[in-house]
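[1] Let's see this in three dimensions:
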Amino acid sequence: MFVARLLYPVTVLGPGKRVAIWFAGCPRRCPGCSNPELWHQSERYRTTPETVAMMVAKIAAEHKIDGFTMTGGDPMMQHDDLMRLIALLSPYSRDILVYTGYRYEELSDLTGITALIDGEYREEENRFTPLIGSDNQRLFLFDEAYRVRYRRYPKSLAGAPSPIQNFTSSDGHISVGIHRPRFLRQRLKS
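    Residues are numbered from 1 along each chain as shown. The predicted structure is shown next:
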């Protein structure tokens, strides 16, 4: 499998303090994508579900994990490895949110996924909405135990100074969250 980064605590891509995992590889190349560096499956990102699970275990040894967010790239491009990883992560939290450019109707076997946000990103439909990158995307909840938590989540961001988090990594600065339209072009100009 190809995983480019793993960050904790991410609070802007789902409720609570989450481990967010960015998969590498996406053929869509959506204009305005906030992660174009993850379109390709570079060998430096090659790993295994077991290795990612060991990294999560180290986080869980010292911190409470409220959930996981799988994004990218497109995690569903690596469906079998994604399903193996989800099975390994479920003891830490059953709240597993997956972003994909595929439509729900194109997918099969979503075992272990709590919530799914489907559809390719369309910059012209970006309304800067928590969780949803563009209006064509849909949120599906598969576990009723999390319905209230996900319904309240956008309201919990209302008083936050910014729905974006910034992290520093060995690759430099990483800006996480649902960005405003034209975010990448504005960032490259500055």
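[2] how far does stretch 157-177 sit from the chain's center?
    Per CA atoms, centre = their mean, to the nearest Å, the displacement of stretch 157-177 from the mean C-alpha position of its chain is 13 Å.
[3] So what touches the longest strand along the chain?
    Secondary structure assigned by DSSP state E gives strand 3-10 as the longest strand of the chain. Applying CB atoms under 8 Å, 6 or more residues apart in numbering, the external contacts of strand 3-10 come out as 17-24, 37-38, 42, 45, 47, 52, 55-56, 59, 63, 65, 69, 72-73, 165, 167, 169, 171, 174, 176. C-betas here are computed from N, CA, C, even on glycine.
[4] Report the contact partners of the residue nearest to the spatial centre of the chain.
    Nearest to the mean C-alpha position of the chain, by CA atoms, centre = their mean, lies Thr71 at 3.0 Å. The contact partners of Thr71, by CB under 8 Å, 6+ apart, come to Leu13, Ala20, Ile21, Trp22, Phe23, Asn35, Val98, Tyr99.
[5] My reading is that the second one is in a strand; is that accurate?
    Yes. Assessed with DSSP: H, G, I helix; E, B strand; the rest coil, Ala20 lies in a strand.
[6] which one is it nearest to, not counting chain neighbours?
    Val10 (4.0 Å; CB to CB, 6 or more residues apart in numbering).
[7] What about the one you found, how many residues nearby?
    For Val10, the neighbour count with other CB atoms under 10 Å is 23.
[8] Could you report the distance from it to Glu123?
    22 Å (CB to CB, to the nearest Å).
[9] same deal with Phe167?
    23 Å.
[10] Same check on Asp143?
    For Asp143, the distance to Glu123 - CB to CB - is 31 Å.
[11] The two - which one has more neighbours?
    Between Asp143 and Glu123, counting by other CB under 10 Å, Glu123 is the more crowded of the two (19 against 15).
[12] That one against Asp135, yeah?
    No. Glu123 is beyond contact range of Asp135, at 11.1 Å (criterion: CB atoms under 8 Å).
[13] residue ranges with poor pLDDT in the protein?
    Where the chain drops to pLDDT under 70, the residues are 159-162, 182-190.
[14] Please repeat the previous calculation with a cut-off of 90.
    Low-confidence segments of the chain (pLDDT under 90): 32-34, 127-130, 154-190.
[15] Run through the helices of it in chain order.
    49-60, 79-89, 147-156, 183-189 (DSSP state H).
[16] For the second one, which helices and strands make contact with it?
    Helices and strands touching helix 79-89, by 3 or more CB pairs under 8 Å, 6 or more residues apart in numbering; DSSP states H and E, are strand 18-23, helix 49-60, strand 67-72, strand 96-99.
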